[in-house]
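*Asks:* Give me a 3D structure for the following:
(2 chains)
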Amino acid sequence: MFETWLIPIAASLASLGIYFSLPSRWSAAQKLRRFLGLLSLMPLFLFFPMEKQLGSFGVTLHFYLLATLTCGSGFMAITSRKPIYSALWFGLVLLGTASLFLLIGAQFLAAATIIVYAGAILVTLLFVVMLAQQAGASHYDHFSHEPSLASLSFFFTTWSLFTALKNTPFAPANNNPATHLSSDSHVAQLGIDLFTDHLIAVELAGTILLVALVAAVCIAMPPSNDKPADSERQTPINQT
Amino acid sequence: MTETLLTHYLIVAAILFSLGMVGFLTRRNMIVLFISAEMMLQGVAINLVAFNQYYRLNGIHPSFDGQIFTLMILTVAAAEAAIALALVVVLFGRSGSLDISLWHHLRDPGQPAVELTPSISEPDHQPNWPTLPVAGLAPEENRSAELLKPITDPLLSPEDKENPDA
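*Replies:* Residues are numbered from 1 along each chain as shown, chains lettered A, B, ... in the order given. Next up is the predicted model:
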């Protein structure tokens, strides 16, 4: 099923679907175009053989469900004409990503994605959408910058990535029954590795967050109105 | 974890990254630009975690480097979100619109200008706004007789109505 010559065909179908689904002057039938564009993403999933090579039926079923949810929500997020809908579809993308992390055994990252991304970044985004509301119809949401060139770049990116995935020989997995996906002490081992081998990275991350906090406050602060009394106020040093 | 599952995860990551790239290049709304950038970061995170779990669970390379790098990506994404959204708020305050094309005078010297598209002639649909009667003015019909009736509780029994102080 995973043939090299099928990749550009599926990628071209998907890029055509994206080209017709992006907001454009044809304001009519936007929903139909988006639905057809969503269906056009499905050939990219034809490279998922429905075999037992994924490990077990539960893993297969959950993986396909979550992959469909994630990619479909991502598609709907970039083709929505209202930014609030884009934010909500992106919330679904985050849920799908966190579930994919959980499925593969990265439990801490699943929780961290939900807490930080969906719980902090997305909520901040929703606040900004609330504060920066456009009264009336926003015409810029109905137009796209060069959708043809963007679809072409999507085609080439997808083609090259899929071909690279097909032709790269990954190290073969040894069928070790002990390598089950979920481990009880995963978070403990991750914590040990984080705070012994990568301690400096943790401290630097905290510093980055502090600097970003200061920068955000400085950027978003309203300009202060200098009162004339302040500049004329005599300080003990300047008093003559 | 099998090699096919690893390939599948990388395919999902590639699709997410490409979708985010298309959204970033195409859309004009600052919010959607930010969301597309975050979607690209999500694709990269899935990539890193899939590689890390594959190589760690199969005993090839026992370390958590991929997941720790994903944690760093999370941190940088949070920092970027704070600063980018602060910038969005400031730019909206200055221009009154979330359109990124309004700031095309900040482009590189060799780039052509963006055509500011005209407004669409008709909105999507006219919402049926509710109307309220004007407050403070007397209503048209004379309802004073009806309004001056004594207020009685319809749930009271007749005995209670006769003896209200019992």
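
*Asks:* avg pLDDT for the strand or helix carrying A:L32?
*Replies:* Taking DSSP states H and E as the definition, A:L32 sits inside helix A:30-40. Confidence for helix A:30-40, expressed as mean pLDDT, is 83.

*Asks:* One more: stretch A:69-82?
*Replies:* Regarding stretch A:69-82, the rounded mean pLDDT is 92.

*Asks:* mind saving the C-alpha coords of the helix holding A:L32 as PDB?
*Replies:* In PDB, the C-alpha atoms belonging to helix A:30-40 read as follows (Å, rounded to 0.1, in the frame of the first residue of the first chain):
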ATOM      1  CA  GLN A  30     -17.900  27.600   2.000                       C
ATOM      2  CA  LYS A  31     -19.200  24.800   4.100                       C
ATOM      3  CA  LEU A  32     -19.400  22.400   1.200                       C
ATOM      4  CA  ARG A  33     -15.900  23.400   0.000                       C
ATOM      5  CA  ARG A  34     -14.500  22.800   3.500                       C
ATOM      6  CA  PHE A  35     -16.200  19.400   3.800                       C
ATOM      7  CA  LEU A  36     -14.900  18.300   0.400                       C
ATOM      8  CA  GLY A  37     -11.400  19.600   1.300                       C
ATOM      9  CA  LEU A  38     -11.600  17.600   4.500                       C
ATOM     10  CA  LEU A  39     -12.400  14.500   2.500                       C
ATOM     11  CA  SER A  40      -9.500  15.300   0.200                       C
END
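
*Asks:* give me every residue that touches A:F45.
*Replies:* A:F45 makes contact with A:64, A:67-68, A:71 under the criterion C-beta atoms under 8 Å, 6 or more residues apart in numbering or on different chains. All C-beta spots, glycine's among them, are computed from the backbone N, C-alpha and C.

*Asks:* among those residues, which are in reach of chain B?
*Replies:* Filtering these for proximity to chain B by C-beta under 8 Å from any C-beta of the partner chain leaves A:67, A:71.

*Asks:* Which members of the contacts of A:F45 occur in strands, if any?
*Replies:* The members of the contacts of A:F45 all map outside strands under DSSP state E.

*Asks:* Take the contacts of A:F45 and write them to a markdown table, including neighbour count.
*Replies:* A markdown table is the format used below for those (neighbours: other C-beta atoms under 10 Å in any protein chain shown):
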| residue | neighbour count |
| --- | --- |
| A:Y64 | 15 |
| A:A67 | 23 |
| A:T68 | 16 |
| A:C71 | 23 |
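
*Asks:* Of the contacts of A:F45, which pair is most distant in space?
*Replies:* A:Y64 and A:C71 (10.8 Å; C-beta to C-beta).

*Asks:* A:L204: neighbouring residues, count only.
*Replies:* Neighbour count for A:L204, taken as other C-beta atoms under 10 Å in any protein chain shown: 13.

*Asks:* Pull out the buried residues from the helix or strand hosting it.
*Replies:* According to DSSP H and E, A:L204 maps onto helix A:199-220. Within helix A:199-220, the residues scored as buried using 16 or more other C-beta atoms under 10 Å in any protein chain shown are A:205, A:208, A:212, A:216, A:219-220.

*Asks:* Filtering those by proximity to chain B, which remain?
*Replies:* A:205, A:208, A:212, A:216, A:219-220.

*Asks:* circling back: residues making contact with the helix holding A:L204?
*Replies:* The contact list for helix A:199-220, computed with C-beta under 8 Å, 6+ apart, reads A:194-195, B:68, B:71-72, B:75-76, B:78-80, B:82-83, B:85-87, B:89-90.
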